[in-house]
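S.K.: Just to be clear, the model below is a prediction. Sequence and coordinates:
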Amino acid sequence: MSLLTPLRQARPRVDRRSALWQADWVLVIGVVALSAIGALLIWSATYQRTSLTDGNQYAYITRHAVNFAIGLILAIGAALMNHRRVRILAPVLYAASVLGLILVLVPGVGAVINGSRSWIQLPWMSVQPSEFAKLAVIVGMALLIAEKGETNYRETARTIDIAQAVAVAAVPVILVMLQPDLGTVMVLGSIVFGIIAVSGVPKRWMLGLVTAATVVAVLAIQLNVLKDYQLARFTAFADPAQDPQGIGYNVNQARIAIGNGGVFGQGLFHGSQTQNAFVPEQHTDFVFTVAGEELGLIGAGAIIVLFMLVFWRGLRIAVNARDAFGRLVATGIVCWFAFQAFENIGMTLGIMPVTGLPLPFVSYGGSSMFSGLLAVGLLQNIHLRSHQV
């Protein structure tokens, strides 16, 4: 059966009593384990930094746990939601994310953190709309391509369908670029590429996307859309020794921290680079360096294995999905998690440029945790539907 072959069977019945037993528990265990390890790494990276914790050494691990608990509730809601309601809410999620991306660009509403206007500062928390835009692009593109195919009873997506889906993704991409948040743009690009790759379009479309992305990148540089520090990060990626005390500082310190860990690590709460705060943003973007230094190759490797487990289960859900919408959504989520994890870990090892992306489920951050667990809930929704009769 091709991707866009319509379902002619009777609509499956929902049996919520059996959902607990039919859930993909391997996926659940992988995500929970990553979040638990992340809690320990965040605790180690912050408990001695009074400038962050105001003297409360449990501040960040407590917030991480609360974020996970809220995200878990969102995930359960998404998993148990009726499949038709998911489709109905997809345009709402897309519109809300676009509105949020517009609001962050409004002076006085959007807050500038680390050089990007990516946050909306609320009295009780900060919200990063670009994190939810990733999920919005996935469900928006999947809904458009799947609905067109199922309505017209076609085996593959037409050029006009793909063009419309790319246009749906282009709006958030442009708004995120204006913040500017290059890392999220790269994640969105990987999502678009992955969804279109499995939609059945000719290979020339993939070549066209790569060409278009290259042209956009060149124009962004020529029109000064990217900030100087963002361009300097690519320079530092090519030659970290060029400015070791400046733009190359983060990469060099990250390499030193990971190198210190050896095979078995220096022990949790005992990493010299970590406990002396040599690595900036170590509880968020550079959390993997804590694992490398304090847990060593064994601990850092375990994190990578857990991510591989999550990717495998996500791909399995995509293959077994009952319809095109589910298959496209699952594929987009896997592309999101896989690229973001590779980019985050890669930048700490010096094989990818520094972009400021968090490590899914491991790094500290409410918006990242909420959107990630919502995505896991959608994967479970698709999985449960594939087991309904």
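M.R.: Structure's in. What do you need? Numbers count the residues shown, from 1 in each chain.
S.K.: what's the helix or strand that A65 is a member of packed up against?
M.R.: Here A65 sits within helix 59-80, counting by DSSP states H and E. Where contact means 3 or more C-beta pairs under 8 Å, 6 or more residues apart in numbering; DSSP states H and E, helix 59-80 is packed against helix 25-46, helix 50-53, helix 366-386. Using the backbone N, CA and C atoms, a C-beta is placed for each residue, glycine as well.
S.K.: Nearest to S118, out of the ones you listed?
M.R.: Closest approach to S118 among the helices and strands packed on helix 59-80 (C-beta to C-beta): helix 366-386, 9.4 Å.
S.K.: buried set for the host helix or strand of A136?
M.R.: A136 belongs to helix 129-152 when assigned by DSSP H and E. In terms of neighbour count (16 or more other C-beta atoms under 10 Å), helix 129-152 has its buried residues at 129-146, 148-150.
S.K.: So which residues of the protein form strands?
M.R.: Secondary structure of the chain (DSSP state E): strands at 110-113, 116-121, 126-127.
S.K.: Please tabulate these in JSON lines, including the columns mean pLDDT, distance to I102 and mean neighbour count.
M.R.: Compiled in JSON lines, these are given as follows (pLDDT from 0 to 100; distance: least, C-beta to C-beta, whole Å; neighbours: other C-beta atoms under 10 Å):
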{"stretch": "strand 110-113", "mean pLDDT": "78", "distance to I102": "9", "mean neighbour count": "16"}
{"stretch": "strand 116-121", "mean pLDDT": "82", "distance to I102": "11", "mean neighbour count": "20"}
{"stretch": "strand 126-127", "mean pLDDT": "87", "distance to I102": "14", "mean neighbour count": "16"}
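S.K.: Compare these and give me the one nearest A338.
M.R.: Judged by C-beta to C-beta, the one of the strands of the chain that comes nearest to A338 is strand 116-121, at 22.2 Å.
S.K.: show me where the stretch 101-250 of the chain has helices.
M.R.: 129-152, 159-177, 182-197, 203-222, 228-238, 249-261 (DSSP state H, counting those that start in this stretch).
S.K.: hang on, the earlier thing: generate JSON lines for the strands of the chain, with distance to W25 as supplementary columns.
M.R.: Formatted as JSON lines, the strands of the chain follow (distance: least, C-beta to C-beta, whole Å):
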{"stretch": "strand 110-113", "distance to W25": "37"}
{"stretch": "strand 116-121", "distance to W25": "35"}
{"stretch": "strand 126-127", "distance to W25": "31"}
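S.K.: Show me what the helix holding A65 is in contact with.
M.R.: 16, 19, 23, 35, 38-40, 42-43, 45-47, 52-53, 86, 283, 364-366, 369-370, 372-374, 376-378, 380-381, 384 (C-beta atoms under 8 Å, 6 or more residues apart in numbering).
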